[in-house]
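**Student:** Below are the sequence and a predicted model for it; my questions follow.
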Amino acid sequence: MTLDLSQYASEKGIKYFMISYTDLFGAQRAKLVPAQAIADMQKDGAGFAGFATWLDLTPAHPDLFAVPDASSVIQLPWKKDVAWVAADCVMDDQPVEQAPRVLLKKLVAEAAKEGLRVKTGVEPEFFLISADGSVISDQFDTAEKPCYDQQAVMRRYDVIAEICDYMLELGWKPYQNDHEDANGQFEMNWEYDDVLQTADKHSFFKFMVKSVAEKHGLRATFMPKPFMGLTGNGCHAHISVWDIDGKVNAFADKEMAFGLSAQGKTFLGGIMKHASALAAVTNPTVNSYKRINAPRTTSGATWSPNTVTWTGNNRTHMVRVPGPGRFELRLPDGAVNPYLLQAIIIAAGLNGIRSQADPGRHYDIDMYAEGHLVKDAPRLPLNLLDALRAYDADEGLKQAMGAEFSAAYLKLKHREWNAYCSHFTQWERDSTLDI
C-alpha cells in the first residue's frame, strides 16, 4: 500500500517536502513543496525544465515531472518540518530512461527476472574542509599516518556524532565512524540494503553530511582527489546477491574457493570483463583519475587500484573477496552517482552471468609493491577520455545500461572533457611560459 504523503505530513508535522531527483552528473535537484500541495505532487509530480539540469534534453522538450516515491521519504533530522523524498523522472507520461533512478529500477527488475536480489553497502569517504574549500578544517590534523587518529576524530566529534545520531534515528543501523587515511578525511558506515534503498540512502547521506558541515561553519567534499599528496575519496561498494526473497545468499558456497558460488564467480567475471568501461561511471570526473592513477601519498599508499585484478582479503586490488558470498569493488570514488553506481554493478554482473564470464586468475601479491610484475592484466583508464572511449566500445555494457542512457551520458561527459581541455591552467603557465 502506497504511503499517503499528506497524511504523513499531518502525523509528522511536515510543512515542506523536498521532491528530489539526481541527474546524470550526480547533482541533486529539488523543489520545495508546501505540504498543502503534496497530494497533487504525489499524483502528478513536480514540474522541472529538464534542460536546466544535467540531462540530455533541450529547451524544446516538454516539462519533466519528478514523481515522488513515497517509500523513500525521510524527515530531516536536523529540520523536522521538512521531509526529503526521492523522485522518478517522467515526461509525456513515460519514464525518462536516461534518468539514473529510473535506470536503476529497470535493472533491479531485470535481476528479479533472474530470481536475484542484489544488496550492497557503500563506504563514502569525505573531507571536512574550510568554508572556502582551500584547506582541511583541522589545523592540528597533520600526522603522516592519520588513519584512525583518535585525537583527530574527537576534534570533529560534534560533526561526526551529529551525523551518526541522525542515522541512528533514521534506523540505518550505522556501526562505525573513523578518521580515514588522509588528513581531514572521514568515513561513516551503515548497514547494507537492497540496491535501491542503498542508493537513496547514499544520496541522502551526501545531502546530510554537507548540510551538517555547513551548520558547523565547515564544508564537506566528496571530490575524488581534493588535495595533492593525500589519499583521495573512495566509495567502495560491498556486493552480495540473494534469492528473490532476500533470505538465501545465492553467491555463497563454502565448498568453493573464496566461498563464492559458480554463479557468483560469473557475476564477478562480468565486473572484471567490463572494468575499464565501468570506470566511466564509477569514476566520472576529470579529477577521478588523479585518485586511481596517483603517485604514492604521504601516508604510504593510495588505497585505490590502477589495474584490473582481483584477490581474496587483500586491499591492494580492484576487487577483493573478504568472505563467503560477497565481494568489495574498490574502484568507485566519492564523485560517483549513487544510482548509477548500483545500476552499473547490476548491468555488468548480469552480463557476466549471461555470458558465463570468467574473472580470470586471482592474485595474492601486494599490488603496491609488486604490481609491476603483473603483465597480463589490463590497466585502468588513465583519464576520463580513455574511460569514455572504453565505455563506448563496450557494446555489451552499453546495451545493458540502455541505449538512451548510454548516448546521453557519453554526449554530456564528452562535452565535460572538452570543456576541461579548453581550460587554461596555472600549471601550463608555470611549465611552458618561458619555453
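**Tutor:** Received it, and whenever you're ready, just let me know what you need.
**Student:** Could you list the domains of this structure?
**Tutor:** Each domain of the chain is listed here as a residue range: 5-96, 106-426, per automatic domain parsing.
**Student:** Can you pull the poorly scored residue ranges out of the protein?
**Tutor:** Within the chain, no stretch has pLDDT under 70.
**Student:** swap the cut-off to 80 and go again
**Tutor:** Residue ranges of the chain with pLDDT under 80: 294-296, 298-301.
**Student:** Longest strand in it, please.
**Tutor:** Counting residues, the longest strand found in the chain (DSSP state E) is strand 116-129.
**Student:** Redo the domains of the chain as a markdown table? Include mean neighbour count and distance to residue 433.
**Tutor:** Backbone N, C-alpha and C define where each C-beta goes, glycine included. Formatted as a markdown table, those follow (neighbours: other Cβ atoms under 10 Å; distance: least, Cβ to Cβ, whole Å):
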| stretch | mean neighbour count | distance to residue 433 |
| --- | --- | --- |
| domain 5-96 | 18 | 33 |
| domain 106-426 | 19 | 10 |
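**Student:** Those: which one's closest to residue 434?
**Tutor:** Proximity to residue 434 (Cβ to Cβ) singles out domain 106-426 among the domains of the chain, at 14.4 Å.
**Student:** what distance separates the closest one from the centre of its chain?
**Tutor:** Centroid displacement of domain 106-426 relative to its chain, using Cα atoms, centre = their mean, to the nearest Å, is 6 Å.
**Student:** Look at residue 210 and give its secondary structure.
**Tutor:** Put simply, residue 210 is helix when judged by DSSP: H, G, I helix; E, B strand; the rest coil.
**Student:** For it, which non-adjacent residue is closest in space?
**Tutor:** Excluding the flanking residues, the one nearest residue 210 by Cβ to Cβ, 6 or more residues apart in numbering is residue 220, at 4.9 Å.
**Student:** where does the one you found sit relative to residue 108, distance-wise?
**Tutor:** 29 Å (Cβ to Cβ, to the nearest Å).
**Student:** which ones are touching the residue nearest to residue 349 when sequence neighbours are not counted?
**Tutor:** Spatially, and ignoring its direct neighbours in sequence, residue 349 is nearest to residue 267 (4.0 Å; Cβ to Cβ, 6+ apart). By Cβ atoms under 8 Å, 6 or more residues apart in numbering, the contact list for residue 267 reads 241, 251, 349, 350, 352, 353.
**Student:** just the helices in the stretch 1-150 of the chain please.
**Tutor:** 5-12, 38-44, 100-113, 150-155 (DSSP state H, counting those that start in this stretch).
**Student:** if we can go back for a sec, so the residue nearest to residue 210 makes contact with residue 213?
**Tutor:** Yes: taking contacts as Cβ atoms under 8 Å, residue 220 lies within contact range of residue 213: 3.9 Å.
**Student:** Identify the contacts common to the two.
**Tutor:** Contacts common to residue 220 and residue 213, judged by Cβ under 8 Å, 6+ apart, are residue 128.
**Student:** show me what contacts the closest residue to residue 59 other than its chain neighbours?
**Tutor:** Spatially, and ignoring its direct neighbours in sequence, residue 59 is nearest to residue 51 (4.9 Å; Cβ to Cβ, 6+ apart). By Cβ under 8 Å, 6+ apart, the contact set of residue 51 is 57, 58, 59, 61.
**Student:** got the residues you listed as a markdown table, with distance to residue 191 columns?
**Tutor:** Below are the contacts of residue 51 laid out as a markdown table (distance: Cβ to Cβ, whole Å):
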| residue | distance to residue 191 |
| --- | --- |
| 57 | 36 |
| 58 | 42 |
| 59 | 43 |
| 61 | 39 |
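**Student:** Among those, which pair sits farthest apart?
**Tutor:** For the contacts of residue 51, with distances taken as Cβ to Cβ, the pair at the greatest spread is 57 and 59 (8.2 Å).
**Student:** returning to that earlier point: turn the contacts of residue 267 into a markdown table, including distance to residue 287.
**Tutor:** As requested, the contacts of residue 267 are exported to a markdown table (distance: Cβ to Cβ, whole Å):
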| residue | distance to residue 287 |
| --- | --- |
| 241 | 31 |
| 251 | 33 |
| 349 | 27 |
| 350 | 30 |
| 352 | 29 |
| 353 | 33 |
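**Student:** Tell me which of those residues fall in strands.
**Tutor:** Those of the contacts of residue 267 lying in strands (DSSP E): residue 241.
**Student:** how about the CA coordinates for stretch 188-200, as PDB?
**Tutor:** Extracted C-alpha coordinates of stretch 188-200, given in PDB (Å, rounded to 0.1, in the frame of the first residue of the first chain):
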ATOM      1  CA  MET A 188      30.900   6.600   8.100                       C
ATOM      2  CA  ASN A 189      29.400   3.100   7.600                       C
ATOM      3  CA  TRP A 190      25.800   1.900   7.900                       C
ATOM      4  CA  GLU A 191      24.100  -1.500   7.200                       C
ATOM      5  CA  TYR A 192      23.800  -2.800   3.700                       C
ATOM      6  CA  ASP A 193      20.400  -3.000   2.000                       C
ATOM      7  CA  ASP A 194      18.700  -3.600  -1.300                       C
ATOM      8  CA  VAL A 195      20.400  -1.600  -4.100                       C
ATOM      9  CA  LEU A 196      17.600   1.000  -4.500                       C
ATOM     10  CA  GLN A 197      17.400   1.600  -0.800                       C
ATOM     11  CA  THR A 198      21.200   1.900  -0.600                       C
ATOM     12  CA  ALA A 199      21.200   4.400  -3.500                       C
ATOM     13  CA  ASP A 200      18.500   6.500  -1.800                       C
END
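**Student:** Now do that stretch: everything it contacts.
**Tutor:** For stretch 188-200, contacts defined as Cβ under 8 Å, 6+ apart pick out 72, 86, 101, 104-105, 108, 117-124, 160, 163-164, 167, 172-177, 201, 205, 209, 238, 240, 246, 338-339, 341-342, 345-346.
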